[in-house]
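**Student:** okay, sequence plus prediction incoming.
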Amino acid sequence: MSLTRSRRIRNRTRGAAVGAACALLAIVGVTSTSAAPLSPTAGTSAVTVDSAEVRIKDFKFNPADVKVSAGAKVTVINEDSAPHTLTASDGYAFDTGTIEPGKSGTFTAPSKPGSYAFICSIHPEMKGTLVVS
Ligand SMILES: [Cu+2]
């Protein structure tokens, strides 16, 4: 019922600082079990969201193999005279929508690492791969 029986560490001025520290650590070691453990903030600083740029010219993606971090913002610049898209081949992982000549579009890389084939939905012979790590 009562914890008052437990021996209290008195601040004995004659006690060695090390001894007091050890005793204090022992107490902290016991009491800290009820305290919330320091939760690591993994995820806030571990995620490196970078960005990448893809240019489209002469009906080709450049680069055709795009390497990004998960969640990266990718800008697609259409330097061609025809409208293009950069669309995941599976149809839903990412899609810039139609980018008119001289314009740019963006999409967000998937959060799941992997290799994603993409095409231009207007010209499906245009192909590339987005590698998310
Ligand atoms: Cu196209």
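**Tutor:** Cool, the structure landed. Numbering: from 1, shown residues only.
**Student:** quick one: T108 and T96 touch, right?
**Tutor:** No: assessed by Cβ atoms under 8 Å, T108 is found out of contact with T96, at 10.4 Å. Glycine gets a C-beta too; all of them are placed from N, C-alpha and C.
**Student:** more neighbours, those two?
**Tutor:** Counted by other Cβ atoms under 10 Å, T108 and T96 do not tie: T96 has more neighbours, with 22 against 14.
**Student:** next one: K127 from the ion, what distance?
**Tutor:** Counting by Cβ to the ion, to the nearest Å, the gap from K127 to the ion is 11 Å.
**Student:** okay, and the beta partners of that residue?
**Tutor:** Taking DSSP bridges as the rule, K127 bridges to I119.
**Student:** what about it, neighbour count?
**Tutor:** 14.
**Student:** what residues are up against it?
**Tutor:** Neighbouring residues of K127 by Cβ atoms under 8 Å, 6 or more residues apart in numbering: 61, 64, 117-119.
**Student:** if you rank those by neighbours, which is first?
**Tutor:** Top of the contacts of K127 by neighbour count (other Cβ under 10 Å): F118, with 26 neighbours.
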